[in-house]
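Colleague: Mind folding the following:
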Amino acid sequence: MSDVFEKLRNSSLQSGKPRFANALLGPKPAFFSSGPEEAEVPDPRSEQNEVIKADEKTQVLQGLKKFTEEKLEEAPKIVFPGGEIGLKPAQNQRRRELSYPISSPIKNPLCDLTPATTQDLTLFIGETLKEEQKLMLTKMIQAMKIGDHRRLAVVEEEAELGEWLENVLLHIAKLKPKIVVCLGALVTNLLLGEKERLSRIHGQFFAMDLVFSDGVESQFQFVPIFHPEFLLINPKMKEATWNDLKKIMSFLNS
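Modeller: Down below sits the predicted model:
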């Protein structure tokens, strides 16, 4: 019976009348099969097209990712019709619990503690600058066209760095700057409380939460950039530093 059915069906299909074969004989009954139902053989051309489409989609997404990363190196956001893509400031959270109260006296004033005249105070902190380095920093600040700003210097003697850190954190808590710009790796690592490669984190926004011993909390944001001395030695890094400064400018204007 099974052989007769197969011959009739194959004859109709080969004659170019598959609809007639299906209408007359219907699909192959399950009981004619000696084993599991035969699976439909996929069209290899269809599979190939799906692979091509997936590959093209991957290439588009990789290209978009590269384009976005390159543009975000120049500025913290990309504006386009209908929206924008950007990096949120303060992606990196840090918390420091301090052993002294916020009311502690500042033993070594590092700048004028007069309250900021604007809400957009920018605080620059770094090692003591030589004249040529001061001139470089002055040019950088002028190029940023920012308003109120202060500068704090780091003492050079390593034994005094702990006292300097206490002082500068008290300065920051009292001045409440909108942004703190760290010049160089020494200051950046002192604020972080850990060692980081400046080449890896320059231009990134960090959020610091200070908790004083009396329970008072103070928050600020800071961005590490290359020290003016490094820029004088390596002029090629000026472009990267300018891109970092543009991120800060955009944040101040937001």
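Colleague: CA only for contacts and neighbour counts going forward, please
Modeller: Noted.
Colleague: Could you count how many residues lie near the closest residue to M237 other than its chain neighbours?
Modeller: For M237, ignoring the flanking residues on the chain, the nearest one in space by Cα to Cα, 6 or more residues apart in numbering is L231 at 6.1 Å. Other residues within reach of L231, judged by other Cα atoms under 10 Å, total 16.
Colleague: Check which helix or strand L231 maps to.
Modeller: In this structure, L231 sits in helix 228-233 according to DSSP states H and E.
Colleague: For that helix, give me every contacting residue.
Modeller: Residues from elsewhere that reach helix 228-233 (Cα atoms under 8 Å, 6 or more residues apart in numbering): 133-134, 136-137, 183, 237-238.
Colleague: mean confidence for it?
Modeller: Summarised as a single mean, pLDDT over helix 228-233 is 95.
Colleague: From here on, call the first residue 38.
Modeller: That works, and once the first residue is 38, the last one we named lands at helix 265-270.
Colleague: residues of it that come out buried?
Modeller: Applying a neighbour-count criterion of 16 or more other Cα atoms under 10 Å, one finds 265-266, 268 buried in helix 265-270.
Colleague: between the residues you listed, which is closest to I209?
Modeller: Among these, P265 lies closest to I209 (Cα to Cα), at 21.9 Å.
Colleague: Relative to M173, how far out is the closest one?
Modeller: Between P265 and M173 the distance is 6 Å, computed by Cα to Cα, to the nearest Å.
Colleague: hmm, back to that, want to throw the buried residues of helix 265-270 into JSON lines with distance to N226?
Modeller: What follows is these, written out as JSON lines (distance: Cα to Cα, whole Å):
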{"residue": "P265", "distance to N226": "17"}
{"residue": "E266", "distance to N226": "17"}
{"residue": "L268", "distance to N226": "19"}
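Colleague: lowest average confidence, helix or strand, in the protein?
Modeller: None of the helices or strands of the chain scores lower by mean pLDDT, DSSP states H and E than helix 55-62, at a mean of 47.
Colleague: now the strand ranked longest in the chain: mean pLDDT?
Modeller: When the chain is scanned for its longest strand (criterion: DSSP state E), the result is strand 254-262. Averaging pLDDT along strand 254-262 yields 95.
Colleague: so what secondary structure elements neighbour that strand?
Modeller: Using 3 or more Cα pairs under 8 Å, 6 or more residues apart in numbering; DSSP states H and E, the elements in contact with strand 254-262 are helix 198-212, strand 216-220, helix 235-238, strand 243-248, helix 275-290.
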